[in-house]
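Participant: sequence first, predicted coordinates after that:
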Amino acid sequence: MFDSSEFSKEAESKKVLKNRSSILLIILLLIGFISLSQIFKLTIFDQERYLTGSEENRITIIPINNSRGLIKLSTGELVVENVVFQNLILELGDEKELFIISSVKDLGKTLELDTEQIQNIIKKIDFNKRYRKVTLLENLSNKHIEKYLLDEKKWPFISLQAELRRFLIDGPLFSHLVGYLGYADSEDEEIKNKGFETNPWVGKTGLEKEYEEILRGSFGFKTVEVDVHGEVIREISRIKPSEANTIYLSLDRNLQMLAREELNGRRGAIVALDPNNGLIKAFVSSPDFDPNILNRTEKGRFEDIAKNDQGPFFNRVISGKYPPASTLKPFIGLLGLQEGIIEWPTTVEDPGFFQVNGEGRKYRGWKEDGHGTVNLKKAIVESSDVYFYELSTQISVDKISSFLESFGFASISGIDMFGEGFGVLPDRKWKLGNIGETWFVGDTVNLGIGQGYITTTPIQLAVAVSALANKGKVIRPRVVERINDVYTSPEVLEEVILSDKSNWIKMEKAMVDVIESWQGTAHNLFVEGDIRLAGKTGTAQIKSLFEDDLSVKEEYSDIRKDKEKRDHALFVGYGPVPDPQLTVVIVVENGESASTVAAPIAKKMINLYIKSRS
């Protein structure tokens, strides 16, 4: 008999099953719809974005470095060139640390390196910094290159790459002038932002830094297609780097060599320039250094140079600050004439010392017994301190400061070189701000003979003396005579106008007699019939003399026991007179005698320069 209850239960079960199937179908349809929507979105709406990403993965832009510009003399002689170094470069990727170390050891054995050398190479690798290049070995010999190339496939992540580095032909001869290169750091952010990270070497000092952009030029780029392994399939486009610029210097190599030989490692500076156009002919700061060590084209250690307490990195020509001493006297004399305080025949009694208003402290002259009755010419020729003590007290410090400033004292000269320093030209405001004291008449007394607070750099002194030589034109000094075929031009910074122009000639005659007169402080230079020079000696005191109970000679003999406290020897000069072609400034630190130590160097240089031109 048919059981209706059983039938009802079965119908109910089918109904539940049907409902569940419907729900499952809806869920499946919903999932399908979402999946189709996502596929549609990826293939239609996001197509461009993903295609772009794909392109970026297979299209690569590779920088093309250009060679750095050469540096030559105006004669065409090479000063700085680029030399090729072959280096082994590790491109650190996803390789296991142990595998890399094992490979480097294998490479080292192939190249016949000893255990210590191999360990030093491994120390260069920072495994925490992936996806970067590490220089394993530099400047490989031909023997090493051959051995590497035989088995190069064993080390696919190590490659041989060529690199250009700077090399100075004459080593240290032009060291402070040219400067050296180094890796770009935080100070070179502007350079790095221009894409220079492709070649991290930038100028750090000297002309290399001053003319960085001109010497470096612009980079090129090539766009290439690569496969999944990074191998180049084809080159799509190329932008060539700019041609390197060559800069030509005005220096005279023989004059430079002579100046360096004469200083012979002693601390000091020599600069020589053409007073008519400002072109530098010699530029020597001593002691010097070999830039090739810092450019890593010769063996040596930076630390060994840096620990030299004589300061070989210090550019004394443009940054050394020295009291001008008696080389300032011609300028003070011209100011006295300009202000109408003295005339050439005006005399002063020089007993060997000076007192303000005849009382108080005795300001002693260099000559114990004095120079007797002295006029301006005699005061220049014999370098009477007392004459200029007396003259300076009759001129306000503000007028002295203003007049000297017109010749370029204390101002940077504007030479086309990085790192020039200022001198100090003191006045009332300067002393109050820097020393915290008011100005005293004694300060003016010292200023009158180029001592006290005043300091100048050799290049600033050379500019000022050149203005004496060319009769008033203060010309900016320059080292680069031309860039490629474009010549640089002389620039007159200021022109000093004297109310009586004959005073230029009269002062020149007095400076000629410094050498030609029997009483001249540099008469030892005089040779009958030789090239005629104008000059002025200077002895810059490092330590003042105060003991009235002792003679100058006695007190100084005590001081000179400490070599570091001995006077600096200075000489400034130009020639030939009356048409000067070369101004020379010599500073020999702790050299003591200007006439026997500094002056002969200047004469040799002027003679060499003039004779070589004729």
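Facilitator: Received the coordinates, thanks. No experiment lies behind these values; they were computed from the predicted model shown. Numbers count the residues shown, from 1 in each chain.

Participant: hey, let's count contacts and neighbours off CA atoms from now on
Facilitator: OK.

Participant: next one: phi and psi at residue 482?
Facilitator: phi -160, psi 160 (degrees, to the nearest 10).

Participant: so where's the stretch 151-300 of the chain shaky on pLDDT?
Facilitator: 186-199, 219, 228-231 (pLDDT under 70).

Participant: go again using 50 as the cut-off
Facilitator: Within the stretch 151-300 of the chain, the stretches with pLDDT under 50 are 195-197.

Participant: can you give me the helices in it?
Facilitator: With DSSP state H, counting those that start in this stretch as the criterion, the stretch 151-300 of the chain has helices at 175-178, 189-192, 206-210, 212-216, 253-263, 291-294.

Participant: which positions within the longest one qualify as buried?
Facilitator: Of all the residues in helix 253-263, those buried under the rule 16 or more other Cα atoms under 10 Å are 253, 255, 256, 257, 258, 259, 260, 262, 263.

Participant: can you redo those as a markdown table with distance to residue 152?
Facilitator: Shown next, in a markdown table, are those (distance: Cα to Cα, whole Å):
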| residue | distance to residue 152 |
| --- | --- |
| 253 | 46 |
| 255 | 51 |
| 256 | 48 |
| 257 | 47 |
| 258 | 51 |
| 259 | 51 |
| 260 | 48 |
| 262 | 53 |
| 263 | 52 |
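
Participant: distance between stretch 425-445 and the chain's centre?
Facilitator: Distance, stretch centre to chain centre, for stretch 425-445: 32 Å (Cα atoms, centre = their mean, to the nearest Å).

Participant: end-to-end on that stretch?
Facilitator: End-to-end span of stretch 425-445 (Cα to Cα, to the nearest Å): 14 Å.

Participant: what's that stretch in contact with?
Facilitator: 356, 388-390, 392-393, 396-398, 401, 405, 409-410, 452-455 (Cα atoms under 8 Å, 6 or more residues apart in numbering).

Participant: and if we set it to 10 Å?
Facilitator: Contacts to stretch 425-445, defined as Cα atoms under 10 Å, 6 or more residues apart in numbering, come from residues 354-356, 361, 363, 385-386, 388-402, 404-405, 409-411, 424, 447-448, 450-456.

Participant: and the buried ones among those residues, selectable in ChimeraX?
Facilitator: For anyone working in ChimeraX, the buried entries among these, judged by 16+ other Cα under 10 Å, can be selected with:
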select :354,355,363,385,386,388,389,390,391,392,393,395,397,400,401,404,409,410,411,424,447,448,450,451,452,453,454,455,456
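
Participant: now, the contacts of stretch 425-445 that are in helices?
Facilitator: If you go by DSSP state H, the contacts of stretch 425-445 have 385-386, 388-392, 397-402, 404-405, 447 in helices.

Participant: among those residues, which pair sits farthest apart?
Facilitator: Distance extremes for these: the farthest pair is 386 and 405 at 23.6 Å, using Cα to Cα.

Participant: I'd say residue 413 and residue 421 touch.
Facilitator: Yes - with contact defined as Cα atoms under 10 Å, residue 413 counts as touching residue 421 (9.1 Å).

Participant: need the residues touching each of the two.
Facilitator: Common neighbours of residue 413 and residue 421 (Cα under 10 Å, 6+ apart) are 318, 457, 459, 460.

Participant: adding distance to residue 331, pLDDT and secondary structure, write these out as CSV.
Facilitator: Listed next are the shared contacts of residue 413 and residue 421 as CSV, based on distance: Cα to Cα, whole Å; pLDDT from 0 to 100; DSSP: H, G, I helix; E, B strand; the rest coil:
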residue, distance to residue 331, pLDDT, secondary structure
318, 21, 98, helix
457, 16, 98, coil
459, 16, 98, helix
460, 14, 98, helix
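
Participant: which one of these is nearest residue 122?
Facilitator: Closest to residue 122, out of all of the shared contacts of residue 413 and residue 421 and judged by Cα to Cα, is residue 318, at 43.0 Å.

Participant: and that closest one, what is it in contact with?
Facilitator: Taking Cα under 10 Å, 6+ apart, one finds 176-177, 269, 271, 283, 285, 412-413, 415, 417-423, 456-460 in contact with residue 318.

Participant: check the gap between the spatially closest residue to it that is not a sequence neighbour and residue 392 for me.
Facilitator: Distances taken as Cα to Cα, 6 or more residues apart in numbering put residue 420 closest to residue 318, at 4.9 Å, once the chain neighbours are dropped. Using Cα to Cα, residue 420 is found at 30 Å from residue 392.
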